[in-house]
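[1] Give me a 3D structure for the following:
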Amino acid sequence: GVTDRVYPVATLFRSNEERLAFVQYLIQRYRVRVLVLGGSEAVYHWLPAIKAAHPDVAIVDHLFNSDSHIYNNRHYAQAIDATVVQSEKVLEDIQRQLGDPAGDVRRISLGVEIPEEQALPKSGEGITIGYFGRLSIEKGPDLFVQIAKRLAARHAGVQPSLRFILAGDGPARETVHNLVRGAESFIEMPGFVKEVRSLMSRADIVVLPSRIDGMPAAVLEAQALGLPVVASRVGGLPEMIVDEENGYLCAAGDIEMFCARIEELIRDAELRRRIGSAARRSVEKKHSIGLMKARYLELLDELDREK
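    As a prediction, the model looks like this:
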């Protein structure tokens with residue numbers, strides 16, 4: 001089965017040597033058959049030692065986009081038995097740069113829990129527009145601030161009033177805080193939110209102006225709630241959003257295009273409902289957590305039998 005044990009090895013031990021020794025102990029103690037990587041730089045460098053000590057352990061890597069860790073995936077290819085990518089576009093981008101990822105390549109789309117009910121239309125005169133994700137430059141939180149300021153200026157003193165939620169944490173936190181300074185009256189920054197769905201349900205529109213991305217969970221969470229999403233046409237996002245059907249796609253970095261699409265949704269409550277409903281149906285069909293689990297278990301079982 002899949003383990004439910006969680007060990008924060010980065011904080012439990014001071015050195016990478018101690019961390020590797022502990023991982024080696026866990027593999028032996030629990031007779032691990034398949035080890036799954038989720039983007040850890042350190043673990044890539046441990047793979048040769050792990051394979052030397054445990055040659056029967058299958059290694060599964062994840063590539064979430066065509067930027068992070070693709071070189072590690074190729075460098076340690078001899079130790080990797082399978083690579084999972086979440087979108088066809090990300091796989092094509094990787095193949096164009098470096099050729100096929102390591103091992104048996106599987107496309108397994110991200111899945112989310114789908115709530116029983118679609119988010120209810122918000123009452124009142126205001127519209128809330130949200131960003132939910134990592135505060136890192138590739139995700140475009142700085143672009144979201146530009147979008148928020150431009151829209152807020154256009155709607156100053158008129159209805160509907162606009163509110164913005166910029167939720168998340170990450171390496172660009174200080175930069176984003178500095179950009180928001182002076183705009184706190186209409187941009188709320190709650191930081192990292194563990195239960196993001198309850199906060200997201202306050203939004204009328206979700207925006208993700210990524211420069212680089214894979215298949216972001218925030219988009220699927222919004223779609224599962226029946227919220228319209230305006231996102232960049234990068235990475236796996238065009239596989240999640242069919243432009244003008246279940247969301248809007250914009251050129252990355254095109255602030256005016258983002259504003260124009262968001263304005264369409266601000267003006268038309270029925271459009272928000274229709275696009276949000278279509279988004280929810282697409283998640284139910286292609287991105288349920290049950291479907292994702294089934295595909296992962298199939299892969300893990302295959303690797304276990306082969307070993």
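[2] what are the ranges of the helices in this structure?
    Defined through DSSP state H, the helices belonging to the chain, from first to last, are 9-12, 16-29, 41-53, 70-75, 88-98, 141-154, 173-180, 196-200, 217-224, 237-240, 255-267, 269-286, 289-306.
[3] Those: which one's closest to residue 208?
    Relative to residue 208, the nearest member of those by C-beta to C-beta is helix 217-224, separated by 6.0 Å. In this view, the C-beta of every residue, glycine as well, is placed from N, C-alpha and C.
[4] CA atoms only for the closest one, dumped as CSV, please.
    Listed in CSV are the C-alpha atoms of helix 217-224, where the atom choice follows Å, rounded to 0.1, in the frame of the first residue of the first chain:
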residue,chain,number,x,y,z
ALA,A,217,-4.2,22.6,-8.7
ALA,A,218,-5.6,26.1,-8.0
VAL,A,219,-7.3,26.1,-11.4
LEU,A,220,-8.9,22.7,-10.9
GLU,A,221,-10.0,23.7,-7.4
ALA,A,222,-11.7,26.8,-8.8
GLN,A,223,-13.3,24.9,-11.6
ALA,A,224,-14.5,22.2,-9.2
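[5] which outside residues touch that helix?
    Residues lying outside helix 217-224 but in contact with it, judged by C-beta atoms under 8 Å, 6 or more residues apart in numbering, are 110-115, 132-133, 196-197, 200, 203, 206, 208, 229, 231, 237, 240-241, 246-247, 276, 279-280, 282-283, 287.
[6] centre of the chain versus it, how much separation?
    Relative to the centre of its chain, helix 217-224 is centred 9 Å away, using C-alpha atoms, centre = their mean, to the nearest Å.
[7] what mean pLDDT does it have?
    On average, the pLDDT along helix 217-224 is 95.
[8] quick one, that helix and helix 269-286 angle?
    Using axes from the mean of the first three to the mean of the last three C-alpha atoms, to 10 degrees, the inter-axis angle of helix 217-224 relative to helix 269-286 is 110 degrees.
[9] and the angle for helix 217-224 with helix 289-306?
    Inter-element angle recorded for helix 217-224 and helix 289-306: 130 degrees (by the same axes, to 10 degrees).
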